[in-house]
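**Student:** Got a predicted structure plus its sequence, pasted below:
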Amino acid sequence: MREKHRWKIKRWLLLLISPVAVLAIVAAVIFLSPRPAPQSRYTVGRTTTFVDGPVAQDGYIDYVTALNERLRGSIRPAENANVLIWRMFGPHPEGRGTMPPSYFRWLGMERPPEQGDYWIRRERFLQERSGLGPRAHLLANVDDLILVDQQFDQAQRGPWKRKTFTWLAAWLEANARPLDLALQASQCSEYYNPLVPGGMNASYSTLMDSLLPNVQMCREVAQALVCRAMLELDEGRVDHAWRDLLACHRLGRLIAEGGTGVEMLVSLAIDQVADRADLAVTAHGRLDSKSLLAKLNELRRLPPFPSLADKVDLAERCLFLDSVALIMRHGASGMEFLAGRKPDLASASLLERIERAWLDWRLDHVNWDLVLRSGNEWYDRLVGVVRLPDRSEREAELAACTADLNNLSKSALARSQWAVFLSPTDTDQTMADILIGLMLPAVPKLQVAVDQNAQRQNNLYLAFALAAYRQDHGVYPKALSALLPNYLREMPADLFSGQPLIYRPRADGYLLYSVGVNGKDEQGRGYEDNPPGDDVSVYMPLARQAERP
């Protein structure tokens, strides 16, 4: 999880202890009076450590325990969809790596046995079925891989036949038992995914090192459920297809209950895959008006997505505070670890030892309360902004946060080059500002993804209502207002413009769209179109997706 931060932290570390400043640093250490160390490394409290315990043996907050106790709450293994997800994947969801034993203790389950009827990844299935052997041989057949990917994508968008994509039908059959477990997991009432450091060096690992292989692999499972639904739709088994699609929606919403922004993004991606296939049900399901409206009501009854603000407020905040605690514990070595460098004093040069000694001295005299309070103030600000109910106000405030954060980072990086000449208070604030700039989650981008998903849902509801209207009247309505009140209770607006959605009926279909995040009317073009656009759209009939304007 911390890969995205490494190059930025490394850049700061190099600036702060660059060889150009070494002589000045040594002079300052020798000739300047040392700043007295504070009586305590930090103060426990809401504005500093955020939680008051438990405290580890070394005297620092045990954020792993504090966070997981809050995430788990009263959820029991029998209620937890994640238990079934691990039984679906086995001990190595991505085919490699091992979760730490404490992960399964938090889950309240035994580690799955090494052998079992587990999920077979698409790539592995193709290797074994084709006899091509390791991945290197597959890469030599790049045209075949491109064709497979195209077929896989096509099978998620509309009905397909077994004889057309024989490899895909065989892959789904090989994964029949894991897919049944996915259906069972989707019926669970709760989801808890422990966040446990997975690094090999337990002394340096932080929550930022938590592994999420089960989460990432659920995306492929959702795609498989959708592919199977589209096969069932082609074979006239609409009820089975709808079962798989609803399971996909529920699975996404369960994963969204996880603590991190990564889990939120994966859940939204899963929901988007299901949304596209839902449209195929309206177009190819041969359903009457009553059945279409019944399915619309089932979509409306799906659980809502959890609040993004809750993730920022708890798990993402704890990830930041735990990383700060690593620096408090280990000084320069902790910083090197966060930057992706293995702490190794034994092989360090004399210059590196001098740099490390100065940095350790400086970190020993940091006012950590100031660093912690500054970080918490930023998290409090972001949480407050994301909770704003009015989207236009929220977007304006998020834009202001982004601008302030960029300015803070640039200013702090510039000041860090002259760290030896700064006052102790200025140096402390510089450290706080750099850590904040580098490690705060990309909340504005996450919020955009949440808003886009909400718009897709509204478009989907309208698509089902429009299909029901057409079944009753033989044509699509001339205006969306005709759907009220028999097909829709209320008319959703464009979340991004605040204006009515744009609806253009045509002889054999319609174009329905929102202007998207940029607020520009791009004639319904989305990111998959050429040229790409930002609109969130539905184009009927689906067979003409490639002909979008």
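**Tutor:** In hand now; what should we look at? Numbering: from 1, shown residues only.
**Student:** check contacts around Glu377.
**Tutor:** Taking CB atoms under 8 Å, 6 or more residues apart in numbering as the criterion, Glu377 is in contact with Thr47. Where you see a C-beta, it was placed from the backbone N, CA and C, and this is true even at glycine.
**Student:** quick one: average pLDDT of the helix or strand where it lies?
**Tutor:** Element membership of Glu377 [criterion: DSSP states H and E] is helix 368-386. For helix 368-386, mean pLDDT rounds to 97.
**Student:** now that helix: how far from the chain's centre is it?
**Tutor:** How far helix 368-386 lies from its chain's middle: 21 Å, per CA atoms, centre = their mean, to the nearest Å.
**Student:** Quick check: Ser537 is in a strand.
**Tutor:** Yes. Assigned with DSSP: H, G, I helix; E, B strand; the rest coil, Ser537 falls within a strand.
**Student:** isn't it right up against Glu528?
**Tutor:** No. If you go by CB atoms under 8 Å, Ser537 and Glu528 don't touch, sitting 10.2 Å apart.
**Student:** Between these two, tell me which one has more neighbours.
**Tutor:** Ser537 (23 against 11; other CB atoms under 10 Å).
**Student:** Tell me which residues touch the closest residue to the more buried one other than its chain neighbours, please.
**Tutor:** The shortest distance from Ser537 to any non-neighbouring residue, by CB to CB, 6 or more residues apart in numbering, is to Tyr513 (3.4 Å). If you count contacts by CB under 8 Å, 6+ apart, Tyr513 has them with 459, 501-502, 524, 535-538.
**Student:** ok, now Arg504?
**Tutor:** Contacts of Arg504 (CB under 8 Å, 6+ apart): 510-512.
**Student:** ok, 10 Å please
**Tutor:** Arg504 is in contact with 510-513, 523-524, 539, 549, counting by CB atoms under 10 Å, 6 or more residues apart in numbering.
**Student:** Now that we have those, which of them are buried?
**Tutor:** When those are checked for burial by 16 or more other CB atoms under 10 Å, the buried set is 510-513, 524, 539.
**Student:** For the stretch 201-350 of the chain, which segments count as helices?
**Tutor:** 213-234, 238-255, 261-284, 289-300, 308-311, 317-330, 332-338, 350-364 (DSSP state H, counting those that start in this stretch).
**Student:** Looking at the contacts of Tyr513, which is nearest Gly375?
**Tutor:** Lowest distance from Gly375 to those (CB to CB) belongs to Val536, with 34.5 Å.
**Student:** Tell me how many other residues surround that closest one.
**Tutor:** Residues within reach of Val536, counting by other CB under 10 Å, total 26.
**Student:** That one contacts Asn453, doesn't it?
**Tutor:** Yes. Assessed by CB atoms under 10 Å, Val536 is found in contact with Asn453 at 9.4 Å.
**Student:** in this structure, what spans have low per-residue confidence?
**Tutor:** The model of the chain has pLDDT under 70 over residues 1-40, 130-143, 199-202, 340-346, 348, 416-422, 543-549.
**Student:** Give the other helices and strands that the longest helix along it contacts.
**Tutor:** Longest helix in the chain, counting residues (DSSP state H): helix 443-473. Using 3 or more CB pairs under 10 Å, 6 or more residues apart in numbering; DSSP states H and E, the elements in contact with helix 443-473 are helix 261-284, helix 289-300, helix 308-311, helix 368-386, helix 391-416, strand 502-505, strand 510-514, strand 536-540.
**Student:** Now do the second one: everything it contacts.
**Tutor:** So that's helix 289-300. If you take CB under 10 Å, 6+ apart as the criterion, helix 289-300 is touched by 238-239, 242, 245-246, 249, 274-275, 278, 281-282, 285, 287-288, 457, 460-473, 486-489.
**Student:** May I see the buried residues of that helix?
**Tutor:** Within helix 289-300, the residues scored as buried using 16+ other CB under 10 Å are 289, 291-293, 295-296, 299.
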